[in-house]
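A.B. asks: Need a 3D model of the following:
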Amino acid sequence: MKSCATDESSAEKLIKLRQGLPSDENLYATAEILKALADPTRLKILHLLKNGELCACEIIEVLDKPQPTVSHHLTLLKNAGFLKWRKEGVWIHYQLSHPDIMELVDQIMNNIH
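C.D. replies: Predicted coordinates for the structure are as follows:
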């Protein structure tokens, strides 16, 4: 691979930059978590839950999507660590495990245009 000519101070700078990078393991884990946000339905679910806990049946009703579809998205969000849940009878109630994640999502959405 061809690279630009570097003097000793530039080489030291590049070494420091490389050392400052997060580990590949950390970056891959972060990328996997961010993939959970890469779907409009999952973003809608997060927006619904920023107002508080909801039963899965309420989420299904608001989204007007089939139960298996919503369950799939809830499972992905739960596995990524975005949701906490509790079972009450036959229903599962969900809430955000880290409500501050919505600040990031809102900030991204507000800066799209």
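
A.B. asks: Every contact and neighbour count from this point should use C-alpha atoms.
C.D. replies: Noted.

A.B. asks: where are the low-confidence patches of this protein?
C.D. replies: The chain contains residues with pLDDT under 70 at 1-3, 5, 113.

A.B. asks: ranges for the helices of it?
C.D. replies: Along the chain, counting by DSSP state H, helices occupy 8-19, 24-35, 40-49, 56-63, 67-79, 101-110.

A.B. asks: and the angle for the longest one with helix 56-63?
C.D. replies: In this case it means helix 67-79. Between helix 67-79 and helix 56-63, the angle comes out at 110 degrees (axes from the mean of the first three to the mean of the last three C-alpha atoms, to 10 degrees).

A.B. asks: Give the buried residues for helix 67-79.
C.D. replies: Within helix 67-79, the residues that qualify as buried are 70-71, 73-74, 76-78, counting by 16 or more other C-alpha atoms under 10 Å.

A.B. asks: Reformat those residues as CSV; add distance to residue 88.
C.D. replies: Listed next are these as CSV, based on distance: C-alpha to C-alpha, whole Å:
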residue, distance to residue 88
70, 18
71, 16
73, 20
74, 16
76, 21
77, 20
78, 17
